[in-house]
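Peer 1: Starting from these lines, generate the structure:
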Amino acid sequence: MINGHLLLTFLDSIPKSCEKKSPMSGSMTSISPATPWPPRLQTTTNLSTINFIIPSRRKKSKQFQSLIVNSAAKPLNRTTAKTTPPPLVVVGSANADIYVEIDRLPKEGETISAKTGQTLAGGKGANQAVCGGMLSYPTYFVGQVGEDAHGKLIMEALECGGVLIDQLNTVAEVPTGHAVVMLQSDGQNSIIIVGGANMYGWPENLANGDLEIVKNAGIVLLQREIPDSINIQVAKAARSAGVPVILDAGGMDSPIPDELLKHVDVFSPNESELARLTGMQTESFEQISLAVAKCHKLGVKEVLVKLGARGSALFTEGNEPIRQSIIEAEKVIDTTGAGDTFTAAYAVAFVEGKSKVECLRFAAAAASLCVQVKGAIPSMPRRKAVLDLLQSI
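Peer 2: Residues are numbered from 1 along each chain as shown. Now for the predicted structure:
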């Protein structure tokens, strides 16, 4: 470690072997960051004043160029000579998604045949991190995988998505988390999750390196597929540094601890999660508004509700809600990961200084592209595709 300096890694050298099929053109295009939007000025964090200490058990990323920058100066990208914005930090789950394509769900006691089956990288945390990387925003992922083939699959997918994985931990005691995704012909899905390394093997207290990454982030994303105790530590560290936190409600259906909610800036459930967590109906917009009011009483100032085919709505306490309709997809192939894409895209637009209306629109466009490709991580759209879609409507 070099005192007074900061080791930064950038997204300038994505492996050429990482390719992704574009839902817009059907051609194979390599993943490469596009020109980012101008970063929002940050007054509460200073990414250039820390040293990242990487524990030896971390698997370090080798696919990214490194740059040593004097701590007295702003982080500078050697290639573009532009300041590097504070990163998006995603703390959460990583799964191997085992897909089976079926015409319908089996009835109790019934056995049916699947058309096809395959294993793809996923998990709400990894999905959101890759979305940030694909949108050309500097993104770190803090999470855990097992020392198995599924763990290697996830690491490769994260790296190919432009995600910095120095804080991705491998644990020997438990397998990588995985999920069985039953994909029906209309694009809808049912999912069964096995927590694995996402839920077990975490240290009682997070490493200083993880918390320093959080404290110097531009924004932090959390979900509920890892222990609440870890989310609480992260949310507290972020709040102490003035870093905004978005909590995606997806994952465990148990009540959310008050200690977590009071350290969250934006709570983002879908309508069914909102109903389950508040014990209230969410069939109409009026009912949704009442359920959101209950969230406000728990201390959450902003609630970003994903409404499926009805779009989305952002509720800020004391203000009128902002509604965003969906941006129609040419064809819905798979809705897996659409909510994660929406949340992560909203976070990227927010940290880049866009208005809330612009954030919602950007997120809707990203989600529209996501559902046109099978798989969660494989469906994360590139920034250029999102901007092109927005310009076309």
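
Peer 1: Spatially nearest residue to residue 378 (excluding sequence neighbours)?
Peer 2: Distance criterion CB to CB, 6 or more residues apart in numbering; nearest residue to residue 378, sequence neighbours excluded, is residue 120 at 6.1 Å. Where you see a C-beta, it was placed from the backbone N, CA and C, and this is true even at glycine.

Peer 1: residues in contact with that neighbour?
Peer 2: 96-97, 99, 157, 375-378 (CB atoms under 8 Å, 6 or more residues apart in numbering).

Peer 1: Next step: these restricted to helices.
Peer 2: With helices taken from DSSP state H, the overlap with the contacts of residue 120 comprises residue 157.

Peer 1: Tell me which two of the contacts of residue 120 sit farthest apart.
Peer 2: Pairwise distances across the contacts of residue 120 peak at 14.2 Å for 99 and 157 (criterion: CB to CB).

Peer 1: circling back to that earlier point, now the strand or helix carrying the residue nearest to residue 378: buried residues?
Peer 2: Using DSSP states H and E, residue 120 sits in strand 117-122. By 16 or more other CB atoms under 10 Å, the buried positions in strand 117-122 come out as 120-122.

Peer 1: The stretch 151-300 of the chain: helices as residue ranges?
Peer 2: All helices of the stretch 151-300 of the chain, identified by DSSP state H, counting those that start in this stretch, fall at 208-215, 228-240, 258-261, 271-278, 285-297.

Peer 1: just the contacts of residue 120 now: which is nearest residue 165?
Peer 2: residue 157 (10.1 Å).

Peer 1: That closest one: what's its closest spatial neighbour, skipping adjacent residues?
Peer 2: Spatial nearest neighbour of residue 157, chain neighbours left out: residue 121 (3.5 Å); criterion: CB to CB, 6+ apart.

Peer 1: per-residue confidence at the one you found?
Peer 2: Predicted confidence (pLDDT) for residue 121: 91.

Peer 1: Return the residues in contact with it.
Peer 2: Contacts for residue 121 (CB under 8 Å, 6+ apart) come out as 94-97, 153-154, 156-158, 376-378.

Peer 1: Identify the residues contacting the closest residue to residue 196 other than its chain neighbours.
Peer 2: Nearest non-adjacent residue to residue 196, counting by CB to CB, 6+ apart: residue 177, 3.7 Å away. Residues near residue 177 by CB under 8 Å, 6+ apart: 93-96, 123, 145, 193-199, 225.

Peer 1: As CSV, these with distance to residue 310 would be great.
Peer 2: Shown next, in CSV, are the contacts of residue 177 (distance: CB to CB, whole Å):
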residue, distance to residue 310
93, 27
94, 30
95, 28
96, 32
123, 26
145, 35
193, 26
194, 31
195, 31
196, 34
197, 35
198, 30
199, 32
225, 25
